[in-house]
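Asker: predicted structure and sequence below. I'll ask about it afterward.
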Amino acid sequence: MSRNDYQNDFAAAQAAALTATYDDVWLVAGRRTPFADYAGPLRDASATDLGIYAARSLFAASGIPAGEVGAIVAANMAQSSFDAYFLARHIGLYSGVNPLAPALLVQRLCCSGFDAILTAADQISLGRAGVVLCVGAESMSRNPIAAYTHRAGFRMGQVDFHDFLWEATKDTAPGIGMGDTAERLARRYGISREDTDRFAEQSFARAVAAWDSGWFADEVAPVTNAKWELDGYQPRFIKLADRVERLERDGHVRPTSYTALEKLKPAFGGVQTGGNSSAIVDGAAAVLVASGDWVRANGIKPLARIVGGAAATVPPEIMGIGPAPAIRAAAARTGIALGDIGRIEINEAFGAQYLACERELGLDRDKVNVHGGAIAIGHPLGASGVRLTHTVARALGESGQQYGIASACAGGGQGVAIVVENVA
């Protein structure tokens with residue numbers, strides 16, 4: 001394929017996507033922590049401890065015993081503690097899951113949470129597990145200041161430490177930052193600064209309305225200081241910073257007007273600013289995925305059926321368009337027309353990035369991110385896919401629509417989408 005074709009042929013990206021369908025796999029229940037602003041109340045909690053909190057909240061809220069879980073799939077991007085290698089296993093152990101349940105960590109950048117769920121669906125379809133705990137967790141605040149070149153020492157004055165969080169926003173293949181990829185999409189799709197700020201204003205307004213109406217009460221578990229004892233092992237804990245005793249709401253969600261947004265300076269020389277890009281936050285989300293046999297045997301009323309999913313690639317320099325071929329591929333594989341999708345969640349990595357997907361797919365915004373998106377709520381990288389899938393399933397139940405899709409782009413040029421069905 002020529003570079004020109006690669007840049008422009010999204011049909012080829014759709015055709016090359018990895019897709020799957022599932023007949024009898026169910027999204028049973030979910031819970032997440034509030035998402036706290038960068039360097040805010042959750043700044044001292046590792047991704048592991050955030051994941052444990054989300055998982056334990058899920059079991060407490062759903063009433064489903066943790067012992068029913070036969071496998072754990074966790075999603076996380078940046079290591080945020082010295083024991084990060086053990087993240088998936090420790091989430092299982094300290095959330096009360098049977099210690100014999102194997103644990104797996106998956107990573108596809110910002111799509112990692114989706115892959116946790118799709119991996120669980122694959123395991124269930126293969127008969128390897130009946131109930132899988134899926135957790136996405138990310139501490140943006142604890143991304144390290146790192147050096148990769150000093151294992152053998154360093155010369156005087158040649159210390160090479162860098163901010164991992166900042167450096168990770170740059171794709172070294174095209175040699176540009178993630179924000180620059182959104183600017184390229186803005187130029188490609190004729191998206192103005194006003195378009196982007198107006199969309200951000202709407203994202204904030206929808207999230208504020210959803211919180212004020214109580215819609216998030218069945219999704220978000222308040223975080224308080226907690227300590228978890230495990231016989232024979234070291235205790236783990238969460239302690240909120242800044243003397244906060246209880247964190248109840250997403251910290252970045254607030255009334256935000258277009259007038260305020262238009263005053264912000266461009267971050268990348270174009271339409272994107274700190275106000276119309278996804279919020280940098282800490283948090284975790286957890287869901288249970290189960291086989292139909294287990295659901296029926298236990299009289300469980302699930303949230304939705306997992307119909308199928310897709311992973312697609314696009315050029316790294318326009319990575320934000322990744323949801324477009326992924327959504328098209330997932331819809332085509334499951335035999336569902338895009339116009340029949342009643343609710344859609346697309347991660348708002350950047351305002352222009354979302355708008356490019358909207359224009360490429362011809363989406364009706366009244367169906368998309370109806371309770372706000374990542375510009376307002378935040379984007380804890382490994383957790384977002386779990387959050388978006390749970391949210392779209394709940395939105396289907398609320399609206400009575402049959403089908404929903406959740407999707408996101410990923411750095412490096414990828415997109416993942418999950419199709420769910422409301423069968424209430």
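Answerer: Cool, the structure landed. Residues are numbered from 1 along each chain as shown.
Asker: rounded mean pLDDT for stretch 11-25, please.
Answerer: For stretch 11-25, the mean per-residue pLDDT is 95.
Asker: just give the nearest non-adjacent residue to residue 130, would you?
Answerer: Nearest residue to residue 130, sequence neighbours excluded (CB to CB, 6 or more residues apart in numbering): residue 294, at 4.5 Å. All C-beta spots, glycine's among them, are computed from the backbone N, C-alpha and C.
Asker: the one you found sits in which helix or strand?
Answerer: helix 292-297 (DSSP states H and E).
Asker: so which bits of that helix are buried?
Answerer: Residues of helix 292-297 classed as buried: 292, 294, 295 (neighbour count, 16 or more other CB atoms under 10 Å).
Asker: can you check stretch 215-225 too?
Answerer: Those buried within stretch 215-225 under the rule 16+ other CB under 10 Å are 215, 216, 219, 220, 221, 223.
Asker: same thing with stretch 264-272?
Answerer: 267, 268, 270, 271, 272.
Asker: farthest-separated two in these?
Answerer: Farthest-apart pair in those is 267 and 271; separation 9.5 Å (CB to CB).
Asker: okay, and the helix or strand of this structure with the least pLDDT?
Answerer: Lowest on mean pLDDT, DSSP states H and E among the helices and strands of the chain sits helix 3-8, with a mean of 57.
Asker: quick one on the thing from earlier: which helix or strand lies directly C-terminal to the helix holding residue 294?
Answerer: strand 304-313.
Asker: okay, that next one in PDB with CA atoms only?
Answerer: Presented in PDB, the C-alpha positions along strand 304-313 are these (Å, rounded to 0.1, in the frame of the first residue of the first chain):
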ATOM      1  CA  ALA A 304     -26.300  -5.600  28.200                       C
ATOM      2  CA  ARG A 305     -25.200  -8.400  25.800                       C
ATOM      3  CA  ILE A 306     -21.700  -8.000  24.300                       C
ATOM      4  CA  VAL A 307     -22.400  -8.400  20.600                       C
ATOM      5  CA  GLY A 308     -18.900  -8.000  19.200                       C
ATOM      6  CA  GLY A 309     -16.000  -5.700  18.700                       C
ATOM      7  CA  ALA A 310     -13.200  -4.500  16.400                       C
ATOM      8  CA  ALA A 311      -9.700  -3.100  16.400                       C
ATOM      9  CA  ALA A 312      -8.500  -1.100  13.500                       C
ATOM     10  CA  THR A 313      -5.400   1.000  12.600                       C
END
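Asker: following that strand, which helix or strand shows up next?
Answerer: helix 323-334.
Asker: contact partners of that next one?
Answerer: For helix 323-334, contacts defined as CB atoms under 8 Å, 6 or more residues apart in numbering pick out 10, 13-15, 17, 19-21, 307-314, 337-338, 341, 344, 346-347, 357, 360-361, 405, 407-409, 414-419.
Asker: return the distance of that helix from the chain's centre.
Answerer: Centre-to-centre, helix 323-334 and its host chain are 18 Å apart (CA atoms, centre = their mean, to the nearest Å).
Asker: angle of that helix against strand 304-313?
Answerer: Per axes from the mean of the first three to the mean of the last three CA atoms, to 10 degrees, the angle that helix 323-334 makes with strand 304-313 is 130 degrees.
Asker: so which elements touch the next helix or strand after helix 323-334?
Answerer: Sequence-wise, the next helix or strand beyond helix 323-334 is strand 341-346, with elements assigned using DSSP H and E. In this structure, strand 341-346 packs against helix 323-334, helix 351-361, helix 384-399, strand 403-410, with contacts taken as 3 or more CB pairs under 8 Å, 6 or more residues apart in numbering; DSSP states H and E.
Asker: now do residue 182 against residue 413, distance only.
Answerer: 13 Å (CB to CB, to the nearest Å).
Asker: same thing with residue 48?
Answerer: 29 Å.
Asker: sketch out the low-pLDDT regions of the stretch 1-150 of the chain for me.
Answerer: For the stretch 1-150 of the chain, the stretches with pLDDT under 70 are 1-8.
Asker: can you give me the helices in it?
Answerer: For the stretch 1-150 of the chain, the helices defined by DSSP state H, counting those that start in this stretch cover 3-8, 10-16, 47-62, 87-94, 112-125.
Asker: now the longest one and helix 384-399, what's the angle there?
Answerer: Yep, that's helix 47-62 we're talking about. Going by the same axes, to 10 degrees, helix 47-62 makes 20 degrees with helix 384-399.
Asker: pull out the buried residues from helix 47-62.
Answerer: 47-59.
Asker: can I get the residues you listed in TSV with distance to residue 326?
Answerer: Formatted as TSV, those follow (distance: CB to CB, whole Å):
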residue	distance to residue 326
47	25
48	29
49	31
50	27
51	25
52	30
53	30
54	25
55	27
56	32
57	29
58	26
59	31
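Asker: which residues in the stretch 101-250 of the chain form strands?
Answerer: Along the stretch 101-250 of the chain, the segments classed as strands by DSSP state E, counting those that start in this stretch run 103-106, 131-138, 145-146, 162-163, 170-171, 176-177, 223-224, 226-228, 236-238, 246-247.
Asker: packing partners of the fifth one?
Answerer: The reference is to strand 170-171. Going by 3+ CB pairs under 8 Å, 6+ apart, strand 170-171 lies up against strand 176-177, helix 178-188.
Asker: the longest one too?
Answerer: Secondary-structure packing of strand 131-138 (3+ CB pairs under 8 Å, 6+ apart): helix 47-62, strand 71-75, helix 87-94, helix 112-125, strand 281-291, helix 384-399.
Asker: the inter-axis angle of it versus helix 87-94?
Answerer: 120 degrees.
Asker: how far off strand 71-75 does strand 131-138 point, in degrees?
Answerer: Per the same axes, to 10 degrees, the angle that strand 131-138 makes with strand 71-75 is 20 degrees.
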